[in-house]
Structures are given as C-alpha cells and as structure tokens.
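**Q** show me the folded form of this:
(2 chains)
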Amino acid sequence: MSIRDNASVMSEALDKKEISAVELTNQHYEQIAAVDKDVHAFLYLDKEGALAQAAAVDKKRAAGEKLSPLAGVPLALKDVMTQKGIPTTCGSKILEGWRPPYDSTVVTKLKNAGVIILGKTNMDEFAMGSSTENSAYGPTHNPWDLTRIPGGSGGGSSAALAAFEAPLAIGTDTGGSIRQPAAVTGTVGVKPTYGGVSRYGLVAFSSSLDQAGPCARTVLDTALLHQEIAGYDSKDSTSINQGVPDVVAASKKLDVKGMKIGVVKQLAGDGYQKGVEDKFNEAVAELVKLGAEIVEVSCPNFEYALAAYYLIAPSECSSNLARFDSMRFGLRVGDDGVKSAEEVMNLTRQAGFGREVKRRIILGTYALSSGYYDAYYGSAQKVRTLIKQDFDAAFTKCDVLVSPTAPTTAFKIGEKSNDPLAMYLNDIATIPVNMAGIGGMSLPCGLAAEDNLPVGFQIMSPAMKDDRMYLVGGALEAALLYKWGKPILDFAPKLVGSK
Amino acid sequence: MSLNYDQVIEKYEPTLGLEVHVELSTKSKMFCSCATEFGASPNTQTCPVCLGLPGALPVVNERAIESTILIGLALNCSIAPYSRFARKNYFYPDMPKNFQTSQYDEPICVNGYLDVQIQTDDGDKTFRIEIERVHMEEDTGKSLHVGGSTGRIHGAEYSLLDYNRAGIPLVEIVTKVVPDTGKYAPQVARAYVAALRDILRGLKVSDVKMEQGSLRCDVNLSLAQINSGKLGIRSETKNVNSLRSVERAVIGEVIRQANRLEDGERIIQETRHFLEESGQTRPGRSKEQAEDYRYFPEPDLVPVVPDAKWIEELKKTLPEKPADRRKRLQTTWSVPDKEMAAMVNAELLDTVEETVLLGADPTKARSWWLGEISRIANDRSVMATELISVKDVAQVIALISKGELTDKLARQVVEGVIAGEGSPVDVITKRGLKVVSDVSQLMKAIIDAVTAQAETAQRVREGNIPAAGALIGAVMKATGGQADAAKVRELLLKHLGQ
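**A** As a prediction, the model looks like this:
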C-alpha cells in the first residue's frame, strides 16, 4: 500500500486493516509537507481535524461497524465549499479569515461517509479562471512541470491528485473547472448532471451553471466519490429528486460493444493543438476496437457557446458576489468611524476582489442593465436553449458525445495571464456541457507528442445518464492502461521529496 | 395664495394607485426555516440563508405560496400557471445578499379587482379597484441609526442591524391606476385598504397590523386638469401606516401637487414620506436618479408551477367575502344602515359577532360594545377589545337577560372588570351589586314609599299611572339602585290596584 495507489485500493487495505486511517492520513500529510511548497495545491490544512476524523473511523472499524467504501480515505476539498469552522476563501482576499458556521451538503455527506478531509485547495478567485493564476494566494504549479499551470479554476484539486497529496478531491465546474484541470494534470474529473450534486454550501459563481463533482486518479475512484456526494438535497431547490445512476457499476462494466459514440464536429480543428487531436483520435480508435460505433455529429450552435457563457456567468456573478460587502463577514476596509457604510463597502470591494473578478462583475452588471438586458442576457439565454437543442438532437443519434477536453496541454504560468480572451478559449470544449446542464467527464488519453504533457478526453452524457460516461470512461481507461503498461501519472517526472 | 382641497378638486382630477405590502403570518420565513415571531431579540431568528452567507441557498416556503394564491383568488385574480422569482439588485446594508428575491415580469397572480363602497353626496357608491398583480417577495432587515439628530442614516454616528425581519414573506398587491374618483379619492383609497385588510384578516394569512408594519401602504398619486384627458406625473408616498393616514396622505398630496402646478412648477417623479403630525409629505429619493435594479430570473429557485387541482381546492376554502358577510349579519341582526356603518368603522364587527356567538342578543352586544365600552376606550385612546374580553361582555349581557343585573348595575360591573377587579361575577360579589328581587324586601320599600307619598299613591290608584314614577324612584333609592325597576313597577301597580 502506498500513497500512489488508487482510492479503491486504499479502501480495500483499510477494510482488511492492513493500514489504519490515521496512518494513511499521516502519510498524505508527509507527502504534502514534502511537495506542496513547490506545488502549492493547498491553502489550508486541517491536520488536527483530519486526524481526529481518521481516529474516529478507525475506532468504528475496530468496533465492527459497517462503513462506507471510502471511510478513512483522504480527500482534498476545493476552497469554494463551506466546511464548518474551517477557513473558506474561494481564493479571494475578500473572504480572508472567514470561517463558515455551517457545512455544505457535500461536506456533510463526506463526513457521514467517513472520508478524511485533509484541507482546502487553491483555486482561481471565485472559480473564475482556467489556470489558478487568479488566486489571491498565488498560483498552483502543475506537478508534470512546475513552470506550467495545473488548469483552473480547480487547479489545486487536480494538482493535489497528480502530486499524490490526496487520492480524491472535490471540484466545482461552471465552465470546465473540474474537467480542464483534470485534462492538463493527467487525472480524472467529472461534472455531474446539473442538480445531481447539491450546491448548498458551494459559494456561488454562476448559480445556473455551477456544479460540484468528484475528482480522482481513476474512473472507478471518481465513481466511488460520485456515489457518496450525489443525490437529492431539500436545501437546494435546483437539486434533482431522482435516484443517482449506478456510476460505480458502470465504471466496472468495461463493455462498450454496440454503443454509439458521437464525435462533435465543432470541437476540433482551429485552435486545437496537433498532439491533442492525435491523442484524442487514437482514443477514439481504441473505442472502435472495443466494439463501439463512431458517429460524427454536428452541433452548429456550439460556435456561440463561449460568447453566451461570458454573458450569463458574469451576469449571475455580478449579483451573487454583491453579498461580499464587509457587513457580516470577511474583509472590511476603511471602517474608521467616519466613513459611511457605503464607502466602506466600496473600499472593501475595491481592495478585496482581484482583476478578473472585477472584470466579470462589470461585464455582468452591464449585461443586465436596463436597455441592454434583452440584447445581452436575453440573447444569451436563447443561445443556451439552442445549445440544449443541439445536444438533444445529437443524443438521438448516439449514447454519448466525445471531444478533446481542452484545446491544448498545460501552458506556461504567465503565458496567457494578460490575455483574457486567450484564457477564455481554454474552455471552448467544456462550456457547452454547463450550458445544457448535462454530465461531462475528462480522463487522460495520452501525452501530446510535442510536449509530453497529458491530454484530456471528454465524454458527455445526457442529463441524469451520468452512468454512460462512466461506462465509456472505464472501458477506455482499461484499454489505455493495457496499451501503456502503467498509469499515466507514472510517466510524470518525480517531484523533489516525493515518495 | 394656496388652494385648499375643495378648491383644488374643482380644477384637478386625481388619479390613484396603491401598493400594499403585507407580511404573511407564516411560521417560518420565505426561503428558510427561521421563525418569524415579532419582537424577538435582535438577530436571534437568523441562519446562513437569511443572513445571505456565502454558499447558502433559498428554498421556497410552500405555505407562503398558498397564502399568496389565496389572496389572489380572494381578489378575483387569475393564478399564473407558471411564475418565477427574480432578483432585484441594489446595495443596502440591511439587505443581506444585496439583492431582494422578488417577482418581476412573471408574478403569481394577475388581473383581479376589489369593489369598495363609500358614502358620497348622492348616497352609497361602489368603486371597482382593479388589481394589476399580487406577487411574493422577502422583507429586508432593519437598520437602527444611532446618534445624529434625524434618526436617519445621514448624520448617524453608527447603525445597528437586525436581520430577524430579513426573509419574512411579503406579498405585494398592486392596483392598476384608479381613475375617476374625483373628490372622493381619499375615501376610496382608505376604503380600499380597509377592504383589503378585512379580506386578508378573513383569509387568516396575515395579522394585518398596520401599526406594527405587517400591512404597509404606498400611495401613488398624480393630478391632471379636469377633462384634459392626460395623466399627471405621480409621486409615491411610502409606508403609510394607518387607514386615517392613507386618507390624509391623499389629501396632503392632492393639495401639495395642485399648489405646485398652480405656481407653474412641475411635479417630480419621486418617493415621499408621510408625516403623521402635519398630514403632509416630505421628499425621499428622486426616482429620476433611481437605481437600475438589473432584474433577472432567480437562478437558485425553480419556477412556481401550481397544480390546477390544488388551486381549485384552495378556491373551495375561501371564506365568505367581507362585503357578503356584512350584508348577512346586517339582515340577521336587523341593524339599521347607519349603525352598521358605525360598527364597521369602529372595527367592532368581529367582536360583536363573537359576542353574539356566545349567546348575547345582537342589539345588546352592539350597544354595549359601541356605547359604554367604546366611550371608555375613546377616553383612554385604546382599542375597545383591549379593555374587556368578549367572554366577559357576553356574560354581563346574559346576567341582564336573566334579571340578575340592571343596565345601571351592569355599567358598574363593566367598569369593575375594566378596572381589573376580575370577572363580572367577581365584581358583583366584591361590590355587592346583586339585583334586589326578593319580593318581601321590595314590598317593604313599596309600602314605605306609599306611606311617605300618600297623595301620589292616591293619584295612581285613581288611574294616573305616570305618577307611579315618583314612587318607583323612591323604591329604587331605598334599595340603593339595586332593585329591578320593572319588577318594582309591577309590584307597585298591583299593590295600588292597577
């Protein structure tokens, strides 16, 4: 048993009492101590709380209590989910020092399952970004190459997985923030169907697009975590009151014979790195070998997805982020007993929000303004409907859709940080899934020839048919593992100090 | 020289519009399970949701939707098969999320009406007030500005915030413009709010206490020259907190606007505040610099899609309409119009009905509540119902009918109950107010009186019945006023062979 093992392997070892949860947790903290000064995946470590939780799990196991499969397995939590008493910053100065008085539903479920929460991971401020460079607490580095970005906004979670600092992580995905980081770090990430996992306690960026989801190093581990966090929550009105699809069984099935897999014509070509397209095509060929049938589908309205996204998400964020006003929590600037509440609000927001967040608040405020609403927000909503219709039409012809997750492999830190449009284009293949509220997965499909960096393969499944992407993902992963002879992360250079 | 109301109304035609905010009396808030009790210690009825903490999400209170639909049905509205919440965005310290979750272009109830009756120079007249919409929203917290001279935010040293009220369900009822009220605009406005309040009370969806702010009225008013065929620019007088104030606010605004127009000035579209002392209004913020609320559909809530069957069921539970009820009670109790109006205006209809339901004679119940008890209440500037319970009044009336109390004694009993001496029976015991109906005791007093006033007695014997008054008076005096006068009269006349 080593920290490089999968969560499912750790789970078995714990179950057989080959290792205790406390030992396993300590091993991960040792790894974090060794590598996180270089990777900077974590913003906060709750060692005391995690070890207490681990000890409690060990005690229950010793008493012969029936435990959830992931009981005792460590996890890294994106710093956008509230955890009672633990600092939650969303990567922003404006929330510095805030300790939420309540657990998000995802955290409640994790605690109930006995999953050990190691700490909070770095992210682009309020989940706005594709590189984690927008964190107010400094960037996270990609374990494959520390000079490169780990993706974003959930770069802390993906880097923690790739650096073996945690076998499981929670991410959130508004336009690709789970899938794109997974793609560029050689890990697996799933954005479940919108409403599949409760948003209660997920600090909102864009309410109609945000979705929390599981991240891990294998499809099965991701499924095990998915099963724990998914399900209806009466505290989230947009939560879907239906059973969770059996994603664990789907991951283990390894049989895609006769399945129809749609390749989206619009998610290729211009802007896609050659090595990315090559690896994607090779993976599609593997699926054909496994007996799947490939169908080319056209989704003509995907062309407008990015533009519509950058109206809807900023509009909602301009309203969601209004509550950060220094009145009840977080940063307060300029409260000298003379300035008015309004002035203090202004100064706090000026000092507390970073450039990208301000840019999007301004964009959104403008798009919702009287006289512009119909042209901007209104049109964007229409595009959203058209994108849904494109998906609906596509899913009449095939069971899942596939594409590269991101157009390129991990770029250099600083390379795109002054060019927001170039940065936004990173999410061109992931955004349609959020716009339609369906499920999406990214899993590694190889290393791009030109830079030897991981490439992500995206699988999209219809709403509440999340099991389909796990089915295809599990089968493809097994085929690729066989082809490569070892897990993709074993191709990554070893980090200094790493076990 | 400024014009008075009568002069204004000869020249100008007022147009009304009324927006009423009602706090629903649901046990929990609009979007969370916090309690809604009035008067709790500051910030004790709060949670992550109503404090707008990061990550918290709203969930709609089903009871609030039900109450709103009931209001819509009672106001003859159509209930929208699909309606949505929207965010109204603006910054204010007592608004936790810096947006109010409200309804905008897709309200839950639309196109209703309410008929109200007022007395005019030509007798009773009914005005139909058309309802544009009834929608749901959440209340804000409360700011208390400390220091400074005005008690307003400007100039205050600091402010205290209480979020107990944040998230309490509010229903906003908006009328269409109410034209053609002429000089009766103030009465129509008052009658509308009063009728609305009666309906809400009957539905039991709100405690409709204007003085506590659970029913607040914004009065929109504009003036135009008579027969100009135009609408003037309106002002919006906010949070008018009593029926009388509604009437006065309309009068105040009619006079103010007319005199501005007379002076050649224009009316500014603005919100104004009503001043209780003077009956005038002062300017609030001008709507010409009004904020852009950037409404958009609330993405954290799903649309409200009420089941048609459910609406039909709710329709069946609607109570009798207040106007119908009034007609029914008036007929059953045989009350003259004027007295009926007095009872309604004094807001004692419910009380009288409750007293009657406890067995009291309707006429007696009415005369006690509107007479003696109201007189004392007026003297003390309190509500009649705060002085004495319906049960005690019903008991006093019962004792009168049984002959155990005379009207005169009953007044003393009521006075004692109001003074806190206990129940009517307690007061009777303590004060020794029992009617003397013991025949031998009365006969003794009668014989004494007849002896003392022999001449008068003789006249009665000879058929001069009215002369008996003096003898009855003497008997009453002798028994300390506690004798049953009718009984005395009966015994006396019999004794004198009449």
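**Q** okay, CA-based contacts and neighbour counts for the rest of this
**A** Fine.
**Q** residue B:363 contacts residue B:333, doesn't it?
**A** Yes - between residue B:363 and residue B:333 there is a contact at 7.2 Å, judged by CA atoms under 8 Å.
**Q** what residues does chain A put near chain B?
**A** Contact residues, chain A versus chain B (CA under 8 Å from any CA of the partner chain): A:81-82, A:101-102, A:104, A:199-204, A:207-208, A:234-238, A:319-320, A:322-323, A:327, A:337, A:341-342, A:365, A:368-370.
**Q** worst-scoring helix or strand of chain A, pLDDT-wise?
**A** helix A:420-424 (a mean of 90; mean pLDDT, DSSP states H and E).
**Q** that one: what's the following helix or strand?
**A** helix A:431-436 (DSSP states H and E).
**Q** list the helices and strands that following helix packs on?
**A** With contacts taken as 3 or more CA pairs under 8 Å, 6 or more residues apart in numbering or on different chains; DSSP states H and E, helix A:431-436 sits against helix A:305-320, helix A:379-397.
**Q** what lies in contact with it?
**A** A:173-176, A:194, A:209-210, A:302, A:305-306, A:309, A:384-385, A:387-388, A:391, A:439-440, A:460 (CA atoms under 8 Å, 6 or more residues apart in numbering or on different chains).
**Q** please enumerate the strands of the stretch 201-350 of chain B.
**A** B:215-225, B:235-240, B:270-274, B:281-286, B:296-297 (DSSP state E, counting those that start in this stretch).
**Q** and the last one, what does it pack against?
**A** With contacts defined as 3+ CA pairs under 8 Å, 6+ apart, strand B:296-297 has these neighbours: strand B:86-89.
**Q** which elements pack onto the strand it packs on?
**A** Partner elements for strand B:86-89 (3+ CA pairs under 8 Å, 6+ apart): strand B:99-102, strand B:296-297.
**Q** out of the ones you listed, which one sits most buried?
**A** Highest mean neighbour count of the helices and strands packed on strand B:86-89: strand B:99-102, a mean of 24 (counted as mean count of other CA atoms under 10 Å in any protein chain shown).
**Q** from the contact counts, what lies against that strand?
**A** Using 3+ CA pairs under 8 Å, 6+ apart, strand B:99-102 sits against strand B:86-89, strand B:123-138.
**Q** what's the average pLDDT for that strand?
**A** Averaging pLDDT along strand B:99-102 gives 97.
**Q** contacts for the following helix or strand past that strand, please.
**A** Later in the chain than strand B:99-102, the nearest helix or strand by DSSP H and E is strand B:109-120. Strand B:109-120 is touched from outside by B:68-69, B:72, B:75-80, B:124-135, B:184, B:187-188, B:191-192, B:195-196, with contacts defined as CA under 8 Å, 6+ apart.
**Q** about what we covered before: lowest-confidence stretch among the strands of the stretch 201-350 of chain B?
**A** Here the lowest mean pLDDT among the strands of the stretch 201-350 of chain B goes to strand B:281-286, at a mean of 78.
**Q** what number of residues lie near the closest residue to chain A within the stretch 1-150 of chain B?
**A** The stretch 1-150 of chain B approaches chain A most closely through residue B:55 (3.9 Å), counting by CA to the nearest CA. Residues lying near residue B:55 (other CA atoms under 10 Å in any protein chain shown) number 22.
**Q** which residues does it contact?
**A** A:81, A:82, A:104, A:199, A:200, A:201, A:202, A:203, A:204.
**Q** list the contacts of residue A:360.
**A** Neighbours of residue A:360 in contact, by CA under 8 Å, 6+ apart: A:314, A:315, A:317, A:318.
**Q** likewise for residue A:83?
**A** Residue A:83 neighbours (CA under 8 Å, 6+ apart): A:100, A:101, A:102, A:103, A:104, A:107.
**Q** if I look at the fifth one, how far off is residue B:391?
**A** Looking back up the chat, that one is residue A:104. 53 Å (CA to CA, to the nearest Å).
**Q** ok, the fourth one next?
**A** As for residue A:103, its distance to residue B:391 is 52 Å (criterion: CA to CA).
**Q** looking at these two, which is more packed in?
**A** Neighbours per residue (other CA under 10 Å) separate residue A:103 from residue B:391, with residue A:103 holding more: 20 against 15.
**Q** my guess is the more buried one contacts residue A:202, does it?
**A** No - contact criterion CA under 8 Å: residue A:103 and residue A:202 do not qualify, at 9.8 Å.
**Q** pLDDT weak spots in the stretch 101-250 of chain B?
**A** Within the stretch 101-250 of chain B, the stretches with pLDDT under 70 are B:149-154.
**Q** how about the residues of it near chain A?
**A** B:157, B:158.
**Q** now do 6 Å
**A** Residues of the stretch 101-250 of chain B lying close to chain A by CA under 6 Å from any CA of the partner chain: none are found.
**Q** rewinding a little: restricted to helices, list the contacts of residue A:83.
**A** residue A:107 (DSSP state H).
**Q** how about the contacts of residue A:83 in a markdown table, adding distance to residue B:14 and pLDDT?
**A** Shown next, in a markdown table, are these (distance: CA to CA, whole Å; pLDDT from 0 to 100):
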| residue | distance to residue B:14 | pLDDT |
| --- | --- | --- |
| A:100 | 54 | 98 |
| A:101 | 54 | 97 |
| A:102 | 54 | 98 |
| A:103 | 56 | 98 |
| A:104 | 55 | 98 |
| A:107 | 60 | 98 |
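**Q** buried among the contacts of residue A:83? Need that as a selection in ChimeraX.
**A** The following ChimeraX line selects those of the contacts of residue A:83 that are buried, judged by 16 or more other CA atoms under 10 Å in any protein chain shown:
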select /A:100,102,103,104,107
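**Q** how much space separates residue A:51 from chain B?
**A** Look at residue A:51 and chain B: by CA to the nearest CA, to the nearest Å, they are 26 Å apart.
**Q** then residue A:359?
**A** From residue A:359 to chain B the distance is 17 Å (CA to the nearest CA).
**Q** phi first, then psi, for the nearest residue to residue A:14 once chain neighbours are set aside.
**A** Nearest residue to residue A:14, sequence neighbours excluded (CA to CA, 6 or more residues apart in numbering or on different chains): residue A:20, at 6.0 Å. Backbone torsions of residue A:20, given as degrees, to the nearest 10, read phi -100, psi 160.
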